[in-house]
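Engineer: sequence isn't available, so here's the structure alone:
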């Protein structure tokens, strides 16, 4: 394990070249890959790397201007619902096209943290020039391109879109934008992600899953901060502001099984009809919103080591599902598997 020092140069975060710019060794510490749960790949040619990239993430296409001396290396780890990957490679481009998206059903967000080199992210008619220490988020369900004109190293977190507690429309306002890593909340979160990445082999069992959940919470906090700063989700009009307040009220009362459109409307001093009208404009019913929020909290706690010994029925009841059978049917219909199977698959230690 080694320390990573931050150097401020003209307001930009720089990373020590002796760790991240050694392309022949691909800038990666390979002595810590004894953990069988950490998957490592090394490519001595571009054709091999093309296969590795698509198999490690979602289907992708890659190209390079010069494949004569191409080298790349990656290490990755699945923790709960999250996937963390450390990639170091020579110059190349990555493309997610409409045709490739059509081959793949699951929807993910990727959060990248550039560790060395420079990069360009293009998505949703926006582009972000990334420098070491910068973060960016992109949606695998929409086309994107990543361009690396020189040797680079990057950290990538890939998670189901439901794992980020922000609407996809709001996230869509941030794709293809740069989040400066040496400013605001990011300045605190970047070191956590870096050290988590560097100690990937030590992320085992309960600790690993818990740290991944913590990382997702930190990233979500960062994204909320970016949205608030940009005034994206909270547009300066009454309806949007009221919707935000209503959603906040619902989130703080999800554990109440009596939560209903009537009680929500009364607490926010509007009629039930007005409440339904607000949610109709969002393309969802009030009941469906409450149900989805409850299910997301249950899903998180089913793989949370803090709730290792808590029965599934108790977790469901904690979030307002008083009928265990009803909860199980809803969970299966929403996520494609029973809550017991989901828990056993992602957290064997948490099984009842």
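Structural biologist: The structure has been received and is ready for your questions. Treat the numbers as computed from the prediction; the structure is a model and nothing was measured.

Engineer: residues contacting residue 60?
Structural biologist: The contact partners of residue 60, taken as CB atoms under 8 Å, 6 or more residues apart in numbering, are 53, 54, 94, 95, 96, 100. The way it works is simple: take the backbone N, C-alpha and C, and place the C-beta from them, glycine included.

Engineer: is it possible to get CSV of those that adds secondary structure, neighbour count and distance to residue 289?
Structural biologist: Putting the contacts of residue 60 into CSV (DSSP: H, G, I helix; E, B strand; the rest coil; neighbours: other CB atoms under 10 Å; distance: CB to CB, whole Å) gives the following:
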residue, secondary structure, neighbour count, distance to residue 289
53, helix, 22, 37
54, helix, 16, 36
94, strand, 20, 35
95, strand, 15, 35
96, strand, 24, 30
100, helix, 16, 32
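
Engineer: next up, the contacts around the residue located most distally from the centre of the chain.
Structural biologist: Note on the chain: the largest C-alpha distance from the chain mean falls to residue 271, namely 36.6 Å (CA atoms, centre = their mean). Applying CB under 8 Å, 6+ apart, one finds that residue 271 lies in contact with residue 265.

Engineer: how far away is residue 285 from residue 279?
Structural biologist: Separation of residue 285 from residue 279 (CB to CB, to the nearest Å): 6 Å.

Engineer: those two: who's more crowded?
Structural biologist: Remark: of residue 285 and residue 279, residue 279 carries more neighbours, 19 against 13, as counted by other CB atoms under 10 Å.

Engineer: quick one: pLDDT of the nearest residue to that one once chain neighbours are set aside?
Structural biologist: Of all residues not flanking residue 279 in the chain, residue 286 sits nearest, at 5.0 Å (CB to CB, 6 or more residues apart in numbering). On pLDDT, residue 286 comes in at 94.

Engineer: how close does residue 286 get to residue 256?
Structural biologist: 14 Å.

Engineer: between those two, which one's more packed in?
Structural biologist: Under the criterion of other CB under 10 Å, the comparison of residue 286 against residue 256 puts residue 286 first, with 22 against 12.

Engineer: doesn't residue 276 make contact with the more buried one?
Structural biologist: Yes: counting by CB atoms under 8 Å, residue 286 touches residue 276, with 6.2 Å between them.

Engineer: host element of the residue nearest to residue 324 when sequence neighbours are not counted?
Structural biologist: Nearest residue to residue 324, sequence neighbours excluded (CB to CB, 6+ apart): residue 313, at 4.1 Å. Per DSSP states H and E, residue 313 falls inside helix 312-318.

Engineer: what does residue 157 give?
Structural biologist: Residue 157 belongs to strand 152-160, assigned by DSSP H and E.

Engineer: report the buried residues of that strand.
Structural biologist: Under the neighbour-count criterion of 16 or more other CB atoms under 10 Å, strand 152-160 has 152, 153, 154, 155, 156, 157, 158, 159 buried.

Engineer: can you check stretch 241-248 too?
Structural biologist: Of the residues in stretch 241-248, those buried (16+ other CB under 10 Å) are 242, 243, 246, 247.

Engineer: ok, now stretch 118-136?
Structural biologist: Going by 16+ other CB under 10 Å, stretch 118-136 has these buried residues: 118-119, 121-124, 128, 130-136.

Engineer: export these to a markdown table and tack on secondary structure?
Structural biologist: Formatted as a markdown table, the buried residues of stretch 118-136 follow (DSSP: H, G, I helix; E, B strand; the rest coil):
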| residue | secondary structure |
| --- | --- |
| 118 | coil |
| 119 | strand |
| 121 | strand |
| 122 | strand |
| 123 | strand |
| 124 | coil |
| 128 | strand |
| 130 | strand |
| 131 | coil |
| 132 | coil |
| 133 | coil |
| 134 | coil |
| 135 | strand |
| 136 | strand |
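
Engineer: next, format those residues as JSON lines and append pLDDT.
Structural biologist: Formatted as JSON lines, the buried residues of stretch 118-136 follow (pLDDT from 0 to 100):
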{"residue": "118", "pLDDT": "94"}
{"residue": "119", "pLDDT": "94"}
{"residue": "121", "pLDDT": "96"}
{"residue": "122", "pLDDT": "95"}
{"residue": "123", "pLDDT": "95"}
{"residue": "124", "pLDDT": "93"}
{"residue": "128", "pLDDT": "93"}
{"residue": "130", "pLDDT": "94"}
{"residue": "131", "pLDDT": "94"}
{"residue": "132", "pLDDT": "95"}
{"residue": "133", "pLDDT": "94"}
{"residue": "134", "pLDDT": "96"}
{"residue": "135", "pLDDT": "96"}
{"residue": "136", "pLDDT": "96"}
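
Engineer: I'd like to know which of these is nearest to residue 321.
Structural biologist: residue 135 (35.4 Å; CB to CB).

Engineer: for the nearest residue to the closest one once chain neighbours are set aside, the count of nearby residues, please.
Structural biologist: Among residues not flanking residue 135 along the chain, residue 179 sits closest, at 4.2 Å (CB to CB, 6+ apart). Applying other CB under 10 Å, we find 26 residues neighbouring residue 179.

Engineer: pLDDT value on residue 179, please?
Structural biologist: For residue 179, the model assigns a pLDDT of 94.

Engineer: repeat that for residue 188.
Structural biologist: Reported pLDDT at residue 188 in the predicted model: 92.
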